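Engineer: attaching a predicted model along with its sequence, questions to come.
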Amino acid sequence: MDEEALIARAKEEREKIFQRYDKGREPGAEIDPWEDPQFEVYHQTDRYGFIHDQRLPRKREPHEAKALEIEMGRVKKWLKLLGHSSQPAKRPWEDKVVQAKVRKRVFKGIPEKIRGQVWCKLLNLEQVMKAEEGKYKKMLELARNWSTEARQIDKDVNRQFRDHIFYRERYSDMQKSLFNVLVAYSMYNSEVGYCQGMSGLAGVLLMYLKEEEAFWALSVLLADAKFAMHGLFIEGFPKLTRFLAHHDKIITKFIPKLKKHFDQCNLDSILYSLKWFFVVFIERIPFSLCLRVWDIYLLDGEKVVTAMAYNILRMHKQYILKLRDMDQIVQYIQTRLCEDFGYDDDTVIKNLEQCMEELRKAGLELPPPPSEIELPKKEFGVFVEPTAAAQIGRRKQEFSETEKEVTETVKLKREITEQEIANLNRIATAPGGSTQQLNTVHIPESEDGGSLLGSSRKSLADTSVTSTADLSVLSGGQSQRSHQAFDFCVDEQNIIPSEDEGDGESSPV
């Protein structure tokens, strides 16, 4: 098939995808049964919209009723701050006195009823949307005609938050909004395009914001210096590497026993912290707690992610130290804590405040400033017609210098790891020694026999919670990066010596 025919086929496929979302759930819509899971919604949906396998209690516990009563009282105070009550605040939102109150109330928890309104204020969406009036509609129209990401976005929409009432039904209004936000943003930010993980961010934003608000909120999260997520999703994922190095410095300084335990288990921080940094703890801690963290994140920015990452390990240090296997540790951090964090949300947030203050005093709130490579270089919202190869979805033939360099690093790390395990096994099986063999570390090969980068077709959401693979930093261009697992490696990090050897490690209150 020649190039022109391939482009025509890709265009036809894109049009069909958009048509399915346009039709939604109207009679005659083509929806495969496997795409539409069945739930007994009427008794299994929690207050956040998530559907549970087991019946929820018919009656609220006394502490739950009390918490709701307190929350309703807070709604009135928030409405006054927002200027929506019969007695609006006398001072503007930007006033220092008002901001001090906002800060205090955010840490107490934004009431569910008005979370969307507060998020709009924290992200300054009203001003952003006024300055960019009509831009979202234009990007959506461009996506309909030119998007090279529609197929992958459609796949991710089909698996994102399917246990939530908003996204349960295939081609529902909320799935359509999620699809629209992602395809429009892929046109708006041509450097990033679409990268898996962004569907989780947009999915949470849409739970509390209108469609266009969610689009601009996503834009703020990626482009504003306070959040600067752009550096997480561009080629090479430079911000991830920078923040992982800083995370290692923090745990080496403040919880050295745990860091030593991780090292003894050959556990690299990337194995347990991927979603911490990429999607701000979505699907890694209980959703009610995740929202509390998001509230503070939208207030204070990226330093909250650094502090919460430290906080999680600090609060669960004693239990993690009892786990003797890499897989057990990763399983506990990535899966068990999401099911049951072990502490109530208020206690976790109080500990988060302590961690933020501890890091501030130590000068470790944030890693060193980003380099130029992390910052956006292309103007947003400027359309550039995609190449024929991009329209077809063809993988570029040549790997970038970043890919080549990182691939060599991964190969070297793999050889070193395999050699270390072989040496340990020889010692273990020597006369007088144990006969127990160490588990070897499986490292995935490239599907195409070339670069380890750009080979996997798994999404961020599908990353195994128990994978012991030596993960490599992947790059590979906008559209290819979108379709791959996030495999990373971390260079040898410069670490801050501990002020003590662990006897004085801080513990949660």
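Structural biologist: Ah, there it is.
Engineer: make it CA atoms for all contacts and neighbour counts henceforth
Structural biologist: Will do.
Engineer: can you get me a residue count around R25?
Structural biologist: Neighbour count of R25, defined by other Cα atoms under 10 Å: 16.
Engineer: for the one 5 residues further on, same thing?
Structural biologist: The local packing count at E30 equals 13, with neighbours defined by other Cα under 10 Å.
Engineer: that's a strand at V181, yeah?
Structural biologist: No: looking at V181 with DSSP: H, G, I helix; E, B strand; the rest coil, it is helix, so not inside a strand.
Engineer: so it sits against E213, correct?
Structural biologist: No: assessed by Cα atoms under 8 Å, V181 is found out of contact with E213, at 9.5 Å.
Engineer: leaving out chain neighbours, which residue sits closest to the residue sitting nearest the centre point of the chain?
Structural biologist: Central residue of the chain (Cα atoms, centre = their mean): V279, 1.3 Å from the mean position. Sequence neighbours aside, L201 is the residue nearest to V279 in space, at 6.0 Å (criterion: Cα to Cα, 6 or more residues apart in numbering).
Engineer: the one you found contacts S219, doesn't it?
Structural biologist: No: in this structure, L201 is not within contact of S219 by Cα under 8 Å, at 10.9 Å.
Engineer: pull out the buried positions in the strand or helix carrying D22.
Structural biologist: Per DSSP states H and E: D22 is located in helix 3-23. For helix 3-23, the neighbour count (16 or more other Cα atoms under 10 Å) marks L6, I7, A10, K11, R14, F18, R20, Y21, K23 as buried.
Engineer: so what does that helix touch, helix or strand wise?
Structural biologist: helix 135-146, helix 150-157, helix 388-392 (3 or more Cα pairs under 8 Å, 6 or more residues apart in numbering; DSSP states H and E).
Engineer: winner for burial among those?
Structural biologist: Comparing these by mean neighbour count (mean count of other Cα atoms under 10 Å), helix 150-157 ranks first with a mean of 20.
Engineer: picking up where we left off before, which one of the buried residues of helix 3-23 is nearest to K108?
Structural biologist: Y21 (39.1 Å; Cα to Cα).
Engineer: what pLDDT is listed against the closest one?
Structural biologist: As predicted, Y21 sits at a pLDDT of 93.
Engineer: then H442?
Structural biologist: Here the pLDDT value assigned to H442 is 40.
Engineer: repeat that for L289.
Structural biologist: Here, the pLDDT recorded for L289 equals 97.
Engineer: tell me the phi and psi of it?
Structural biologist: Taking degrees, to the nearest 10, you get phi -70, psi -40 for the backbone angles of L289.
Engineer: separation between it and R162?
Structural biologist: Going from L289 to R162 by Cα to Cα, to the nearest Å gives 20 Å.
Engineer: against P27, how distant is R20?
Structural biologist: From R20 over to P27 the distance is 12 Å, taken as Cα to Cα.
Engineer: meant to ask about L375, not that
Structural biologist: Using Cα to Cα, one obtains 46 Å as the distance from L375 to P27.
Engineer: look at the two and report which has more neighbours.
Structural biologist: Set side by side, L375 and P27 show more neighbours around L375, with 18 against 7, by other Cα under 10 Å.
Engineer: contact partners for that one?
Structural biologist: The contact partners of L375, taken as Cα atoms under 8 Å, 6 or more residues apart in numbering, are A228, H230, G231.
Engineer: which element, helix or strand, includes the nearest residue to the second one once chain neighbours are set aside?
Structural biologist: Translated: H230. Counting by Cα to Cα, 6+ apart, the nearest residue to H230 once its immediate chain neighbours are dropped is L222, at 4.5 Å. Using DSSP H and E, L222 falls within helix 211-223.
Engineer: that helix to helix 135-146, inter-axis angle?
Structural biologist: Put simply, helix 211-223 runs at 90 degrees to helix 135-146, going by axes from the mean of the first three to the mean of the last three Cα atoms, to 10 degrees.
Engineer: and for E169, the neighbour number?
Structural biologist: Neighbour count for E169, taken as other Cα under 10 Å: 21.
Engineer: need the phi and psi values for H164.
Structural biologist: The phi/psi pair for H164 (degrees, to the nearest 10) reads phi -110, psi 140.
Engineer: count of neighbours near it?
Structural biologist: By other Cα under 10 Å, 18 other residues sit near H164.
Engineer: could you chop the protein up by domain?
Structural biologist: Listed domain ranges for the chain are 3-51+129-223, 62-108, 235-279+315-509 (source: automatic domain parsing).
Engineer: comparing these, which yields the minimum mean pLDDT?
Structural biologist: When these are ranked by mean pLDDT, domain 235-279+315-509 comes last with a mean of 70.
Engineer: hang on, the earlier thing: nearest to W78, of the helices and strands packed on helix 3-23?
Structural biologist: That would be helix 135-146 among these, by Cα to Cα, at 29.4 Å.
Engineer: run through the neighbouring helices and strands of the closest one.
Structural biologist: Checking 3+ Cα pairs under 8 Å, 6+ apart, helix 135-146 ends up next to helix 3-23, helix 173-188.
Engineer: one step back: could you point out the helix or strand that follows the helix holding L222?
Structural biologist: Per DSSP H and E, the first helix or strand lying C-terminal to helix 211-223 is helix 230-233.
Engineer: how far does the helix or strand just after that following helix sit from its chain's centre?
Structural biologist: The first helix or strand that comes after helix 230-233 along the chain, using DSSP H and E, is helix 238-254. Here helix 238-254 is found 17 Å from its chain centre; the criterion is Cα atoms, centre = their mean, to the nearest Å.
Engineer: distance between the following helix or strand past helix 238-254 and the chain's centre?
Structural biologist: Downstream of helix 238-254, the next assigned helix or strand under DSSP H and E is helix 256-264. The chain centre lies 25 Å from the centre of helix 256-264; the measure is Cα atoms, centre = their mean.
Engineer: ok, now stretch 242-262?
Structural biologist: 21 Å.
Engineer: list the buried residues in it.
Structural biologist: Neighbour-count burial for stretch 242-262, counted by 16+ other Cα under 10 Å, picks out 242-259, 261-262.
Engineer: on that earlier part again, between helix 135-146 and the helix holding D22, find me the angle.
Structural biologist: Per the same axes, to 10 degrees, the angle that helix 3-23 makes with helix 135-146 is 130 degrees.
Engineer: which residues touch helix 3-23?
Structural biologist: Contact with helix 3-23 is made by 29-30, 144-147, 150-151, 154, 171-172, 176, 388, 391-392, as judged by Cα under 8 Å, 6+ apart.
Engineer: could you dump it to CSV, C-alpha only?
Structural biologist: In CSV, the C-alpha atoms belonging to helix 3-23 read as follows (Å, rounded to 0.1, in the frame of the first residue of the first chain):
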residue,chain,number,x,y,z
GLU,A,3,1.9,6.3,1.3
GLU,A,4,-1.2,8.2,0.0
ALA,A,5,-3.4,5.2,0.7
LEU,A,6,-2.0,4.7,4.2
ILE,A,7,-2.7,8.3,5.0
ALA,A,8,-6.3,7.9,3.7
ARG,A,9,-6.7,4.8,5.8
ALA,A,10,-5.4,6.6,8.9
LYS,A,11,-7.8,9.5,8.2
GLU,A,12,-10.7,7.1,7.9
GLU,A,13,-9.9,5.5,11.2
ARG,A,14,-9.6,8.8,13.0
GLU,A,15,-13.0,9.9,11.6
LYS,A,16,-14.6,6.7,12.8
ILE,A,17,-13.3,7.2,16.3
PHE,A,18,-14.6,10.8,16.4
GLN,A,19,-18.0,9.6,15.0
ARG,A,20,-18.3,7.0,17.8
TYR,A,21,-17.9,9.7,20.4
ASP,A,22,-20.2,12.0,18.6
LYS,A,23,-22.9,9.3,18.6
